[in-house]
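K.L.:
Below: sequence and its predicted model.
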Number of protein chains: 2
Amino acid sequence: MGLTKSEIFTDEQNQLSTLLKAIAHPARIAILQRIIISNTCICGDLVGELGLAQATISQHLKELKTAGIIQGTIEGVSVCYCINPKTWKLLEEELGGFLASYKGETTCC
Amino acid sequence: MGLTKSEIFTDEQNQLSTLLKAIAHPARIAILQRIIISNTCICGDLVGELGLAQATISQHLKELKTAGIIQGTIEGVSVCYCINPKTWKLLEEELGGFLASYKGETTCC
DNA sequence: AATAAGTATCGTAATATTGCGATATAAAAT
DNA sequence: ATTTTATATCGCAATATTACGATACTTATT
């Protein structure tokens, strides 16, 4: 039907998948890398650098913001976006725990 | 258009987003957790445990397999799926590097 | 007040994802 | 050989995502 059945999964599984989904796009990865490098990001800059239209970038920024991964504060005409430290930490922890749970033992296959 | 413009991004950005996309679904996270715990997974088990139809689970397994995150070997009637250590390591490295690139400095906002 | 600059939102088209019933396939047991 | 068991694939419907032009909004400058 095209609708994820969130009810049957744990809150952790849903939360992690939501965060991952927000990051799982090359444009959004590029945006995040750009924000991290400059530590002071303005959308207008991105429009010139990435090869995407202004509307598209604004939409990607909105998705990252909705997921809580970035936060934006209005600074005059432009908007300054930066990483939301809390969510970033949460992602590092949740994802780190998940990835580390596999110890690489090859009992099967 | 609905088509991601992969051409304008780096190989690293595309690769990382592809891997993340494969994991960014609660059912697939649940499947991976289940595989990791048992270290010997048979699809039939999952059908009973998760609340999804057999066809749906088979499809999720296929996506994980296509992304190279799991590998399956036929064992008689059933198929044994397990983590692909190489891809898992790659994911840990790529993602770890990406997440660690943010140092948490709050110069702005 | 009018204009300019930077972003956000709307509407829309193209494509992708999610989920499932039905059916196919493949190996094991009878 | 037929039936059973386990998994994969097909086809479809519902929904989500991606991208962008056009337009609205919001603040700064003139």
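P.N.:
Thanks, I have it.

K.L.:
Run the contact check for the lowest-mean-pLDDT helix or strand in chain A versus DNA strand C.
P.N.:
Ranked by mean pLDDT, DSSP states H and E, the weakest helix or strand in chain A is strand A:41-42, scoring a mean of 80. Yes. Using CB under 7 Å from any atom of the strand, a contact is recorded between strand A:41-42 and DNA strand C, made by residue A:42. To be clear about C-beta, it is placed using only N, CA and C from the backbone, and glycine gets the same treatment.

K.L.:
Run through who's touching that strand.
P.N.:
By CB atoms under 8 Å, 6 or more residues apart in numbering or on different chains, the residues outside strand A:41-42 that reach it are A:31, A:34, A:35, A:78, A:79, A:80, A:81, A:82.

K.L.:
Drop anything exposed from the residues you listed.
P.N.:
Neighbour counting over the contacts of strand A:41-42 (16 or more other CB atoms under 10 Å in any protein chain shown) leaves A:31, A:35, A:80, A:81, A:82 as the buried ones.

K.L.:
Am I right that residue A:29 falls within a helix?
P.N.:
Yes. When the secondary structure is assigned by DSSP: H, G, I helix; E, B strand; the rest coil, residue A:29 falls within a helix.

K.L.:
State the distance from the residue positioned nearest the centre of chain A to DNA strand C.
P.N.:
If you average the C-alpha coordinates of chain A and look for the closest C-alpha using CA atoms, centre = their mean, you land on residue A:23, 3.6 Å from that point. The spacing between residue A:23 and DNA strand C, counted by CB to the nearest atom of the strand, to the nearest Å, is 14 Å.

K.L.:
That residue is in contact with residue A:69, isn't it?
P.N.:
Yes. Between residue A:23 and residue A:69 a contact is recorded at 7.0 Å, counting by CB atoms under 8 Å.

K.L.:
list residues touching both of those two?
P.N.:
When CB under 8 Å, 6+ apart defines a contact, the residues bordering residue A:23 and residue A:69 alike are A:32, A:91.
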